[in-house]
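> all I have is the shape, not the residue letters:
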């Protein structure tokens, strides 16, 4: 049976210092592609924070090339990009999880199609992701998972 696709995590796996693709990994990916094996980056990050990595891989804005984001919650074709699949959580469940996380004093990440929101993130969670952060605009859960809630207005920060 021939291998048709290889998916790899990015941070601390495919990427090395400076969030750059390690040269040995890039050579191995190119060899696989020459053999007809598709390489698909897979990450917990959002698609729009991956531009540099996709350019290094020669996959930026390419038809027939794909990226798995949000730990499998979204799949994009890199051309455009075009969202192929997005798994959304029920709004009531999001609110229940968020309330419980607040009660326990947990830091939380909440992902939408094109944004990352954080609640009580540590400096360690913020700093190692250059290019991922989109600013510190305060937002509530409005618009997350189709939900309209005043539960956490001014509680979340958009990254």
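Looks like it came in fine. Every value quoted in this text rests on a predicted model; they were computed, and no experiment measured them.

> and the helix or strand harbouring residue 39, what does it pack against?
In this structure, residue 39 is located in strand 38-42 according to DSSP states H and E. The contact analysis (3 or more Cβ pairs under 8 Å, 6 or more residues apart in numbering; DSSP states H and E) places strand 38-42 against strand 5-9, helix 23-34, helix 51-57, strand 66-69. Any C-beta I mention is one placed from the backbone N, CA and C, and that applies to glycine too.

> run the angle between it and helix 23-34 for me.
Strand 38-42 and helix 23-34 meet at an angle of 140 degrees, taking axes from the mean of the first three to the mean of the last three Cα atoms, to 10 degrees as the criterion.

> tell me the buried residues in strand 38-42?
Going by neighbour count (16 or more other Cβ atoms under 10 Å), the buried part of strand 38-42 is 39, 41, 42.

> who's in contact with it?
With Cβ atoms under 8 Å, 6 or more residues apart in numbering as the test, strand 38-42 has contacts from 4-10, 14, 29, 32-33, 50, 53-54, 57, 59, 65-68, 72.

> mark which of those residues are buried, thanks.
Of the contacts of strand 38-42, these count as buried by 16+ other Cβ under 10 Å: 8, 10, 14, 29, 50, 53-54, 57, 59, 65-68.

> look up which residues are beta-bridged to residue 119.
residue 108 (DSSP bridges).

> so it sits right up against residue 105, yeah?
No - using Cβ atoms under 8 Å as the test, residue 119 is too far from residue 105 to be in contact (10.3 Å).

> average pLDDT across the longest helix seen in the chain?
Longest helix in the chain, counting residues (DSSP state H): helix 91-104. What helix 91-104 shows for mean pLDDT is 90.

> what is the least confident helix or strand in this structure?
When each helix and strand of the chain is scored by mean pLDDT, DSSP states H and E, strand 137-139 comes last, with a mean of 31.

> for the nearest residue to residue 11 once chain neighbours are set aside, give its distance to residue 77.
Once flanking residues are discounted, residue 11 sits nearest to residue 43: 6.9 Å by Cβ to Cβ, 6 or more residues apart in numbering. To residue 77, residue 43 is 16 Å away according to Cβ to Cβ, to the nearest Å.

> residues contacting the nearest residue to residue 111 once chain neighbours are set aside?
The shortest distance from residue 111 to any non-neighbouring residue, by Cβ to Cβ, 6+ apart, is to residue 70 (4.7 Å). By Cβ under 8 Å, 6+ apart, residue 70 lies in contact with 44, 45, 46, 111.

> and of those residues, the nearest to residue 98?
When these are ranked by distance to residue 98 (Cβ to Cβ), residue 111 comes first, at 12.9 Å.
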